[in-house]
Structure formats: C-alpha cells, structure tokens
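K.L.:
Below are the sequence and a predicted model for it; my questions follow.
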Amino acid sequence: MPSSFPVKSARFLFAAILLTGITFQLLRLKFRMFDSIPVRTNFNAEEIVRAERLFYGLAYPAERSVNCVKCHNTRQSDTLNWNPDALEISRNYLNKSPDDLSGVLLRPKGKKMAEVHKGFQLTNEDVVLIKAFMTGLLTLD
Ligand code: HEC
C-alpha cells in the first residue's frame, strides 16, 4: 500500500482551515473583531437629532438623502404596505452590528434588496446613528 501521508496531510490541512474559519467567525460574532465600524452605545443630543434626521431622509440635500420611512413605516402599518416596517427591521437588527446594517444598506445582496437599497450614500458614522435610531424605536414601542 502506498504511503498514506498525502491523505493524512490533506485531512490535516482541511481540519486546520475549518478550525481557522470557525475561530474567525466566533471572534467576529462574539467580540466584533475584524468589524470595520466600531460599535458605540453613547450618543449626545446632537447625534440623536441627526440620527432621526438620517432615518427620515432630512440629513442631506434631497438628491443624496434616503428616506427610510418612505418604505419602512415607523408605526405598525395602517396603510397597505408590504415592506417590513421600521419596528420589524429594528427588531431584526437589534443584535446585529453596524457592519451588518452597513452591508444591507450599502452592499445589498439579493435581487429585491439590491433594487430597493440602491445607490445609498451613507458614511460609517451615519450607519452607526441609523442603527442607534432603530434601537431607540424599539424602546418607544
Ligand atoms: C425604496 C424603498 C426602501 C427604502 C428607501 C429603504 N428600504 Fe430598507 N428595505 C426595503 C424592502 C422592500 C426591504 C425588504 C427586502 C427583501 O425582502 O428582500 C428592505 C429591507 C431592509 C432591512 C432588512 C430587514 C430584515 O429583516 O432583514 C433593513 C435593516 C432595512 N431595509 C433598513 C433600511 C434603512 C435603515 C433605510 C434608510 C437608510 C432603508 N431601509 C431604506 C425597502 C426600502
């Protein structure tokens, strides 16, 4: 029988890659390591106002602004609206990071998402504030 060395080392390599991948994911999820946008929890009054203005599309000149409320109601919808409402998106993103939110806003995956979240121009700071505003919506619920 030929040496089993190549098979063994291939298995070892595979296991090593798998473990590295799992470790990477755990560190990312648990400690938000490797995230490009730092997580923040404290905001001053000015930032809170800006956060709300960002969500309502009032923080930038009209052509650059995105009004999230146009598609995501801030109240449980009384009008017919099939888009997830603001409470729903906030709930779904409560335990996600600004990086995750940035992904869905600036690098949307999936056909529908890429259509509706198209051409958004937001800075990392904007995303952090929008995330904070979304969290605030939940406490008002
Ligand atoms: C043109 C309409 C439109 C605008 C404007 C819009 N969205 Fe959305 N958004 C949608 C739709 C529709 C979906 C659901 C897409 C799907 O089902 O794939 C969605 C999905 C999402 C999700 C994912 C929800 C989940 O449960 O996974 C988040 C978060 C989100 N939007 C946040 C925002 C924020 C924040 C803004 C403002 C910066 C915004 N959206 C602006 C239409 C819009």
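P.N.:
Everything's here; your move.
K.L.:
after the lengthiest helix in the chain comes which helix or strand?
P.N.:
When the chain is parsed with DSSP state H, its longest helix is helix 5-31. Read in the C-terminal direction, the helix or strand following helix 5-31 is helix 45-55, with elements assigned using DSSP states H and E.
K.L.:
which other helices and strands contact that following helix?
P.N.:
helix 124-140 (3 or more C-beta pairs under 8 Å, 6 or more residues apart in numbering; DSSP states H and E). Yep, even glycine has a C-beta here, placed from its N, CA and C like the rest.
K.L.:
hang on, the earlier thing: what residues sit buried inside the longest helix of the chain?
P.N.:
Of all the residues in helix 5-31, not one is buried under the rule 16 or more other C-beta atoms under 10 Å.
K.L.:
ok, Ala114 - contacts?
P.N.:
Residues in contact with Ala114, defined by C-beta atoms under 8 Å, 6 or more residues apart in numbering, are Pro108.
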